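# Okay, here's the prediction I keep looking at, along with the sequence it came from:
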Amino acid sequence: MPMSDFFYTDDLLSDDEIMFRNIVRDFVDDEVIPIIESHFQNATYPSHLTKKLANLGVFGIKFPEHYGGSGAGYVMYGLAMQELERGDSAIRSFASVQSSLVMYPIWRYGSESQKDKYLKKLAEAEFIGCFGLTEPDFGSNPAGMITTATKTSQGFLLNGAKMWITNGTVADVAVVWAKLDGEIHGFIVDKGTPGFTAPEMKGKHSLRASVTSELIFQDCEIPAENILNISGLKGPLSCLTQARYGIAWGAVGAALAVYQSSVDYAKSRIQFDKPIGAFQLVQEKLVYMLTEISKAQLVNIRLGRLMEEGKATPQHVSFAKRNNVEMALNCARLAREIHGANGILGEYPIMRHAANLESVKTYEGTHDIHTLILGHYITGLPAYQ
Amino acid sequence: MNLLVCVSRVPDTATKIFVGPDGKTIDSKGVKYILNPYDEFALEEAIRLKEKNGGEVTALTVSADDATDILRNALAMGADSAIFIKAPAEPDSYQVAHNIANSVKDKNFDLIFFGRQSVDFDSFQIPSMVAELLNIPSVSVVSKLEVNGSKVIAERDIEGGKETVELSTPCAISAQKGLNEPRYPKLPDIMKAKKKPIEEVAFFQVDAAVEVISIALPVNKRVGKILGDSDSDINEIVRSLHEDAKVI
Ligand SMILES: Cc1cc2nc3c(=O)[nH]c(=O)nc-3n(C[C@H](O)[C@H](O)[C@H](O)COP(=O)(O)OP(=O)(O)OC[C@H]3O[C@@H](n4cnc5c(N)ncnc54)[C@H](O)[C@@H]3O)c2cc1C
C-alpha cells in the first residue's frame, strides 16, 4: 500500500533520497514488521537486525566515508528514521542512539585516535553504543547531575549512576556525561571496565522491544585519553539536537503506520450495514490524521534542508519534535478508537505504537520542556525554574 | 567475466493501474515505477558471479520513459555501468530485443541475464528473442545456476519438477524467483552509484511486430446474492429490487 504523501513531498526529495527511503521501507516491511510484535510482547530486542541495519548504511548516514559513513545529508537520515519508526520506535531508538548520540559526539568532539578506534566499528555495528545523561534524580534538569569524574594519575575515576539508558546493557561503548571539577564533560567508557555495570531495567509498558538500562559507576577508572573535547551542558545538548531531529521524522513514521491501518480498517469494518469509514465521526478522525501527518511531513522536509544548510536552530528542532510526537500520539489514540476492540490487539500495530510514543513524548526533552524552550524563544523569558 | 543484465522499469505491483485516455497505454500519473522484481534475481546472480570471478556487470534498459532511476538502482546494487536506450514510443518485445541485440553484439558478453518476465506486460519473449538474434543458446526460468569457465549448468522449474541443462558461454539466462536472495543496496553504494557511468545509446529503428489495440481493466464480477423464503429474506428481495436494482 503506498504511503500517504498528500502534499507530494516526494517531489522535494532527490532520487538518492527516494531510493534509500524505499530500500529502508522495504526492509522494514520484510524484516521488522513481521517479527516486531512478538519481540514487543516478550520484551526482547531483535538483535539479529542490528548487523543488517548496519549493512544498509543506516548508522553512518551523515558521517564521512572515511569513518564508515556515506556522507549523505540530514534528509536522508530523517527518511531512514521515519521508516524505522514506522516499524517500531525501538528500532528507531536504537539507530538514534547509535548514530546521533554515540557516533556524533565522538565525531564532533573526539580526538583523531578516538574517531579511528570507534566510528567505523559503530557504523558497522561491530560496536553498539549508549548515551548516559539522565540520572535517577536528574531528568529534565541534567545540569544538576551528580555523577562525577575525578582526575587520577592514570586518567579519571567515575562515580555515580545513570538511569533510563537505551542499549546500556548491550553496549560495547558508553558515552557518559559527568562532572569534572563541577563542569559537565563527556567520557568514553568501554564495556568491561572494572567498576562499570549496566543492569537492564525491566517491566516497561512502552518501548518493550528496546533495551533500557541503568549504568552504575563505582570507582570506575578510565584512561585519560577517553575524555571528549567539550565542556558544559552544550556538549550533551548538541547531541540531543541531532537525535531529536531524527525523532521528529520517526514520529511521522509511527503516525503513518497507524493512519494506514486505520484507513484500511475503516473501509473494511462493517457496522450498521456500512463500512465504519462511512460515518462522519470516523471520517473526522481520519481527516485529523491526514492533516497532521501532512503538516508534519512539510515541517520535516523544511527542517531537514535547514539542517543541511546549517541554518536550523535548536528551537526549530524543538518545534518539530514537540509537534510531531504529540500528533503521532494523538493519531495512535484515534487509531485505537477506530479499531475498536481490535485496537488493543497485537494483530494490529496500534497499541504498540501508542505505548511506544508515550516514551518518545518523554525522552529527548519532554513535550513540556520543548514548550518551555519555545516559550523562552518567543518571550525571551526562561520559565524552566 | 563480462556480464550483462537487461532490466525493465515496471509499475510497482502495489500500484492501482488506470488505462490512459487513448485506451492503449496505462496512465502513468501517480504510478510508482520500480525495477522489475525478477530482474533483481538476475542482477544479484550477475553481481555474485562478478564477486566470485572478477569482471564487470553492465545493466541495460530500453524504455520510452526516463528509466535512469532503475539503472541507478542497479548501479547501487553493484553493477559497474549502465546503458540506456531511449525508445521514441512504447516499444514492443521485438523492438526491445532488437535494440538489446544490436547494442551488445560486439561487446563479448559471457552471460546475458534477464528476469523471467517483466511484470508489466508479461510477454515472456525478450530473453529468447535476444538469444536468437545473437545466435547464442538460452535457458529460461532458471532457479539455480553454476558457471565453471565456459560451462554453464542451469536448473529450471518445469511443471511439477526440475530440469537440469548444460550449455556454454556466451549464453542468455532468464532468472526465476528463488535463484538467490537479492541484496538491499547499501547507502554508501547508492551514493557511489551517482558517479558510475550511464551511457545513452540511440534507438535502433526496427518496426514493431505487434501493435497494442487496446488494454482494459478486468471487469468487476457482479456479486450475486442468495436469499431464501423467510419473511426477512422476502423483505430484502423487495428492498433490493426497489432500491438497488430500481426495477420496482
Ligand atoms: C524508554 C526510555 C529511554 C530513554 N533513553 C535514554 C538514554 O538513552 N539516555 C539518557 O540519557 N536518557 C534516556 N531516557 C531518559 C529521558 O531522557 C528522561 O526520562 C527525560 O529527560 C525526562 O526526565 P524524567 O523522566 O526524569 O522526568 P522529569 O524531569 O522528572 O519530569 C517529570 C515531569 O515534570 C515535567 N517538568 C520537569 N521540569 C519541568 C519544568 N521546569 N517546568 C515544567 N514541567 C517540568 C516534565 O515535563 C514531566 O512531565 C530515556 C527514557 C525512556 C522512557
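Sure, I can see it.

# So which residue is smack in the middle of chain B?
residue B:118 (2.4 Å; Cα atoms, centre = their mean).

# what's around the residue lying closest to that one once chain neighbours are set aside, how many residues?
Spatial nearest neighbour of residue B:118, chain neighbours left out: residue B:8 (4.5 Å); criterion: Cβ to Cβ, 6 or more residues apart in numbering or on different chains. No exception for glycine: its C-beta is placed from N, CA and C like everyone else's. For residue B:8, the count of nearby residues is 25 (other Cβ atoms under 10 Å in any protein chain shown).

# Most distant residue from the centre of chain B?
Residue farthest from the centre of chain B, counting by Cα atoms, centre = their mean, is residue B:231 at 55.5 Å.

# Can you give me the pLDDT of that residue?
Per-residue confidence (pLDDT) for residue B:231: 84.

# cool, the one 5 residues further on as well?
Per-residue confidence (pLDDT) for residue B:236: 84.

# Could you show which parts of the stretch 251-385 of chain A are in contact with the ligand?
A:359, A:362-364, A:366, A:368-369, A:372, A:384 (Cβ under 6 Å from any ligand atom).

# what's the closest of those residues to residue A:305?
Of all these, residue A:305 sits closest to residue A:364, with 21.5 Å by Cβ to Cβ.

# For that closest one, grab phi and psi.
When read as degrees, to the nearest 10, the backbone of residue A:364 gives phi 60, psi 40.

# Quick one: residues contacting the nearest residue to it once chain neighbours are set aside.
Spatially, and ignoring its direct neighbours in sequence, residue A:364 is nearest to residue A:244 (4.9 Å; Cβ to Cβ, 6+ apart). The contact partners of residue A:244, by Cβ atoms under 8 Å, 6 or more residues apart in numbering or on different chains, come to A:317-318, A:320-321, A:364-365.

# Distance from the chain centre to the single longest strand found in chain B, please.
If you go by DSSP state E, chain B has its longest strand at strand B:138-148. In terms of Cα atoms, centre = their mean, to the nearest Å, the centre of strand B:138-148 is found 17 Å from the chain centre.

# what residues does that strand touch?
Under Cβ under 8 Å, 6+ apart, the answer for strand B:138-148 is B:1, B:45, B:49, B:53, B:111, B:116, B:124, B:127-128, B:130-132, B:152-157, B:162, B:165, B:167, B:169, B:171-179.

# let's go with 6 Å and repeat that
Residues from elsewhere that reach strand B:138-148 (Cβ atoms under 6 Å, 6 or more residues apart in numbering or on different chains): B:116, B:127-128, B:131, B:153-157, B:165, B:172-176, B:178-179.

# Which residues of the stretch 1-150 of chain A lie near chain B?
A:15-16, A:19-20, A:23, A:27, A:56-57, A:70 (Cβ under 6 Å from any Cβ of the partner chain).

# among the residues you listed, which ones are buried?
Among the residues of the stretch 1-150 of chain A next to chain B, those buried by neighbour count (16 or more other Cβ atoms under 10 Å in any protein chain shown) are A:16, A:19-20, A:23, A:27, A:56-57, A:70.

# residue boundaries of the strands in the stretch 1-150 of chain A?
Taking DSSP state E, counting those that start in this stretch as the test, the strands found in the stretch 1-150 of chain A are A:129-132, A:148-151.

# Could you give the average pLDDT over the first one?
This means strand A:129-132. pLDDT averaged over strand A:129-132 gives 98.

# Check stretch A:250-258 too.
Across stretch A:250-258, the average pLDDT comes to 98.

# Pull out the buried positions in it.
For stretch A:250-258, burial by neighbour count (16+ other Cβ under 10 Å) applies to A:250-258.

# Residue of chain B nearest chain A, please.
Using Cβ to the nearest Cβ, residue B:187 is the residue of chain B that sits closest to chain A, at 3.0 Å.

# Mind checking which of the residues of the stretch 1-150 of chain A next to chain B are in helices?
With DSSP state H as the criterion, helices contain A:15-16, A:19-20, A:23, A:27, A:56 from among the residues of the stretch 1-150 of chain A next to chain B.

# possible to save the residues you listed as a markdown table with pLDDT and distance to residue B:196?
Shown next, in a markdown table, are these (pLDDT from 0 to 100; distance: Cβ to Cβ, whole Å):
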| residue | pLDDT | distance to residue B:196 |
| --- | --- | --- |
| A:15 | 90 | 13 |
| A:16 | 93 | 13 |
| A:19 | 93 | 14 |
| A:20 | 96 | 16 |
| A:23 | 94 | 17 |
| A:27 | 96 | 23 |
| A:56 | 97 | 19 |
